[in-house]
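Trainee: take this sequence and fold it.
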Amino acid sequence: VQLVESGGGLVQPGGSLRLSCAASGGMYRHCVAWFRQVAGKARLGVASISSPVGTTYYRDDSLKGRFTISRDSAKNTVFLEMYGLEAGDTGMYYCAAHSGTLCSDWTRYRTWGQGTQVTVS
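Mentor: Predicted coordinates for the structure are as follows:
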């Protein structure tokens with residue numbers, strides 16, 4: 001599986017963005033997640049989604065109301081919709097995948113995209 005992210009950019013506080021992660025090679029029975037990394041800090045899982053059921057996981061409850069992860073299996077694409085963006089959401093967002101079922105285990109992700117920058121300012 002190869003992953004390519006898109007959709008990042010500069011947005012004002014309170015704004016919204018939709019990130020896309022397109023996979024070549026298919027995503028069936030793969031967990032796909034979005035991670036955020038701030039310069040000098042480790043990547044942190046934000047949200048993940050399972051296949052084929054589509055069960056979603058979020059790092060904490062505070063994200064559920066503002067971020068939504070979803071997938072379009074026909075297009076092998078996973079989305080992260082972000083609303084009410086805050087300065088603290090700024091970072092490089094990476095899409096990642098692993099061929100397992102423990103989608104909420106952020107340590108299992110081994111396949112990564114190149115990232116897309118989100119700046120809230």
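
Trainee: ranges for the helices of this protein?
Mentor: With helices called from DSSP state H, the chain shows them at 61-64.

Trainee: export the helix or strand of it with the lowest mean pLDDT as PDB, just CAs?
Mentor: Of all helical and strand segments in the chain, the minimum by mean pLDDT, DSSP states H and E falls on helix 61-64, at a mean of 84. Backbone C-alpha positions of helix 61-64 (Å, rounded to 0.1, in the frame of the first residue of the first chain) are rendered in PDB as follows:
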ATOM      1  CA  ASP A  61     -13.300  12.700  23.100                       C
ATOM      2  CA  SER A  62     -12.500  16.300  22.600                       C
ATOM      3  CA  LEU A  63     -11.700  15.500  18.900                       C
ATOM      4  CA  LYS A  64     -14.900  13.700  18.200                       C
END
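
Trainee: could you list the residues in contact with that helix?
Mentor: 46-47, 58 (CB atoms under 8 Å, 6 or more residues apart in numbering). Every C-beta, even on glycine, is put in place using the N, C-alpha and C of the backbone.

Trainee: please name the bridge partners of the residue positioned nearest the centre of the chain.
Mentor: The centroid of the chain falls nearest to Trp34 when counting by CA atoms, centre = their mean (2.1 Å). With DSSP bridges applied, Trp34 shows beta-bridge pairing to Ala47, Cys95.

Trainee: list the contacts of it.
Mentor: With contacts defined as CB under 8 Å, 6+ apart, Trp34 is in contact with 19, 21, 45-48, 69, 78, 80, 93-96.

Trainee: and it, how far from Leu63?
Mentor: From Trp34 across to Leu63, the span is 10 Å (CB to CB, to the nearest Å).

Trainee: and for Ala33?
Mentor: 12 Å.

Trainee: before we move on, what about Thr116?
Mentor: The gap separating Thr116 from Leu63 is 18 Å, by CB to CB.

Trainee: the more surrounded of the two?
Mentor: Counted by other CB atoms under 10 Å, Thr116 and Leu63 do not tie: Thr116 has more neighbours, with 21 against 15.

Trainee: give me the beta-bridge partners of Glu81?
Mentor: Arg18, Thr68.
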